[in-house]
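Novice: Output the structure for:
(chains A and B)
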Amino acid sequence: MCDTCGCSTEGGAVLRKPGQSGYHVHLEGDAEHHHHGAGHDHEHHHHEAASRKVLLEQDVLQKNNLLAERNRGYFEARNIFVLNLLSSPGSGKTTLLEKIIPVLKPFIPVAVIEGDQQTTNDALRIQALGVPVIQINTGSGCHLDAQMVKGALAELDLVDNSLLFIENVGNLVCPALFDLGEALKVVIISVTEGDDKPLKYPTMFHEANLCILNKTDLLPYVEFDPVKCRQNALRVNHHLEWLEVSAKTGEGLEEWKRWIETRLQRR
Amino acid sequence: MHEMSIALSIIEAIEAKAAGEGPGRVSEVELLVGRLAGIETESLSFCFEAAAKGTIAEGARLAIEEPQGVGLCSECATSFPVSFYYAECPACRSLRVQIVSGEEFKIKSFTIEEEGK
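Specialist: Numbers count the residues shown, from 1 in each chain, chains lettered A, B, ... in the order given. Just a heads-up that it's a prediction; the model follows:
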């Protein structure tokens, strides 16, 4: 189907909780679809041409955007700060969460929504940290959308004045277009990728608020120029903030913690 | 594969609007897809054809208008065409360029072929 990653949204997304093999909630179908069968004020001119143009002037992503705004309103009302984490598969999103959550937990309640096509592997890793987590399995879908997040929120016990990480499906293309209702987007890139990635996948870097360069402990062994990568990222997005981190050695995690703290204070 | 879910949401929006328009089938859909919108129009057309099967828009022609990206230099206010986000101002070489057009992604209209009467 898709020339990018070959997935489809057939079958709908499924919510799972780690350690509860029987538990799952299907998000397929559209419980909120309304048919407007009556009450419109269009004039019919049956004697004229049988072909008629109907103006719509509607944003294609309007439905997702409206749902995302609903999620955003929910988060604001409960003072929940939400970060949407985006990257290619294997850049270390889950490991970064495993390292940053224990650092943040003493100061603020943390919860996680995990997005993957299949398995609860990532949710199990987060659950081991003792924070609420729910897994969204998108099936063959390549991104999370606002409807999936809304469904997950109903199943996740969030507390007021907290921090929620949404780890999106590993994919640098599709998730860029789908607002989930988050406060900020964080794009993660690792030094085992190319330093021209921001130029190759500009939409994602254009949408992000913060870029984290991960796996900096591997810099001596790879041909990756962090300065060049940062310059490329800033060419795409002049407002992009930049942090360099090694989830493995813990280097740079303190800076990321401070970045989060500053954003929490600004709310 | 966001083109497929996008094609499905286009069909959904058309079906919702067409439900109040009386019987008929949709013969054409007009889209506005900016060149910087992050949408592969070829892939979208392919997905649309598949997504439209069995709906009011089955067989409908997709007319896609693709407005050019336009950048506005924040330093010298020159306006110029851009084809990607990391454009450089042709007048002053500044990289502080704001995208002012080319990110549109809209369903403009659709054409209904009325049945009967």
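Novice: Residue A:118 contacts residue A:137, doesn't it?
Specialist: Yes. Here residue A:118 reaches residue A:137: they are 5.7 Å apart, a contact under C-beta atoms under 8 Å. Bear in mind the C-beta positions are built from the backbone N, C-alpha and C, glycine included.
Novice: Neighbour count: those two, which is higher?
Specialist: Neighbour count, other C-beta atoms under 10 Å in any protein chain shown: between residue A:118 and residue A:137, residue A:137 has more, with 22 against 12.
Novice: What is the burial count for residue A:13?
Specialist: Counted with other C-beta under 10 Å, residue A:13 comes out at 23.
Novice: Identify the residues contacting it.
Specialist: For residue A:13, the contact set (C-beta atoms under 8 Å, 6 or more residues apart in numbering or on different chains) comprises A:26-28, A:136-139, A:141, A:148, A:151.
Novice: roughly how far apart are it and residue B:61?
Specialist: Going from residue A:13 to residue B:61 by C-beta to C-beta, to the nearest Å gives 32 Å.
Novice: show me where the stretch 1-150 of chain A has strands.
Specialist: Under the criterion DSSP state E, counting those that start in this stretch, the stretch 1-150 of chain A carries strands at the ranges A:14-16, A:24-26, A:51-59, A:81-87, A:110-116, A:133-137.
Novice: what's the answer for chain B, then?
Specialist: Ranges of strands in chain B, per DSSP state E, are B:24-33, B:61-65, B:69-73, B:79-82, B:97-101, B:105-114.
Novice: Any stretches of chain A with poor pLDDT?
Specialist: Residue ranges of chain A with pLDDT under 70: A:1-11, A:28-49.
Novice: 90 instead?
Specialist: Within chain A, the segments meeting pLDDT under 90 span A:1-51, A:62-63, A:139-142, A:157, A:172-174, A:176-177, A:202-203, A:235-236, A:238, A:266-267.
Novice: does any part of the longest helix along it sit near chain B?
Specialist: Using DSSP state H, we find that the single longest helix of chain A is helix A:62-77. Yes. On the criterion C-beta under 8 Å from any C-beta of the partner chain, helix A:62-77 is in touch with chain B at A:62-64.
Novice: do you know how far the closest residue to residue A:91 other than its chain neighbours is from residue A:235?
Specialist: Distances taken as C-beta to C-beta, 6 or more residues apart in numbering or on different chains put residue A:190 closest to residue A:91, at 4.3 Å, once the chain neighbours are dropped. According to C-beta to C-beta, residue A:190 and residue A:235 sit 20 Å apart.
Novice: Which among the strands of the stretch 1-150 of chain A is found nearest to chain B?
Specialist: Closest to chain B of those, according to C-beta to the nearest C-beta: strand A:51-59, at 4.7 Å.
Novice: How about the closest one and chain B, any contact?
Specialist: Yes. Strand A:51-59 reaches chain B (C-beta under 8 Å from any C-beta) through A:51-59.
Novice: Mind putting these into JSON lines with neighbour count?
Specialist: Converted to JSON lines, the residues of strand A:51-59 next to chain B look like this (neighbours: other C-beta atoms under 10 Å in any protein chain shown):
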{"residue": "A:51", "neighbour count": "12"}
{"residue": "A:52", "neighbour count": "17"}
{"residue": "A:53", "neighbour count": "12"}
{"residue": "A:54", "neighbour count": "16"}
{"residue": "A:55", "neighbour count": "11"}
{"residue": "A:56", "neighbour count": "21"}
{"residue": "A:57", "neighbour count": "9"}
{"residue": "A:58", "neighbour count": "17"}
{"residue": "A:59", "neighbour count": "16"}
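Novice: Compute the first-to-last residue distance for stretch B:70-84.
Specialist: With C-alpha to C-alpha, to the nearest Å as the measure, stretch B:70-84 spans 10 Å from end to end.
Novice: Partner strands of the helix-or-strand element of chain B with minimal mean pLDDT, with direction?
Specialist: Least confident helix or strand of chain B, by mean pLDDT, DSSP states H and E, is strand B:97-101 with a mean of 88. Note on strand B:97-101: by DSSP bridges, its sheet partners are strand B:69-73 (antiparallel).
Novice: In three-state terms, how would residue A:224 be classified?
Specialist: coil (DSSP: H, G, I helix; E, B strand; the rest coil).
Novice: List the residues that contact the nearest residue to it once chain neighbours are set aside.
Specialist: The shortest distance from residue A:224 to any non-neighbouring residue, by C-beta to C-beta, 6+ apart, is to residue A:191 (4.2 Å). Residues in contact with residue A:191, defined by C-beta under 8 Å, 6+ apart, are A:213-216, A:218-219, A:222, A:224, A:226.
Novice: And residue A:218, by the same measure?
Specialist: For residue A:218, the contact set (C-beta under 8 Å, 6+ apart) comprises A:190-192.
Novice: quick one on the thing from earlier: filter the residues of helix A:62-77 next to chain B down to the buried ones, ChimeraX style.
Specialist: In ChimeraX syntax, the buried subset of the residues of helix A:62-77 next to chain B is picked out as below (16 or more other C-beta atoms under 10 Å in any protein chain shown):
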select /A:63,64
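Novice: Please produce a markdown table containing the residues of helix A:62-77 next to chain B, extended by distance to residue A:179.
Specialist: Output for the residues of helix A:62-77 next to chain B, formatted as a markdown table (distance: C-beta to C-beta, whole Å):
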| residue | distance to residue A:179 |
| --- | --- |
| A:62 | 11 |
| A:63 | 11 |
| A:64 | 7 |
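Novice: in the helix or strand where residue A:254 lies, what counts as buried?
Specialist: In the assignment (DSSP states H and E), residue A:254 maps to helix A:253-266. For helix A:253-266, the neighbour count (16+ other C-beta under 10 Å) marks A:253, A:256, A:259-260, A:263-264 as buried.
Novice: Also stretch A:112-122?
Specialist: Using 16+ other C-beta under 10 Å as the test for burial, stretch A:112-122 gives A:112-117, A:120, A:122.
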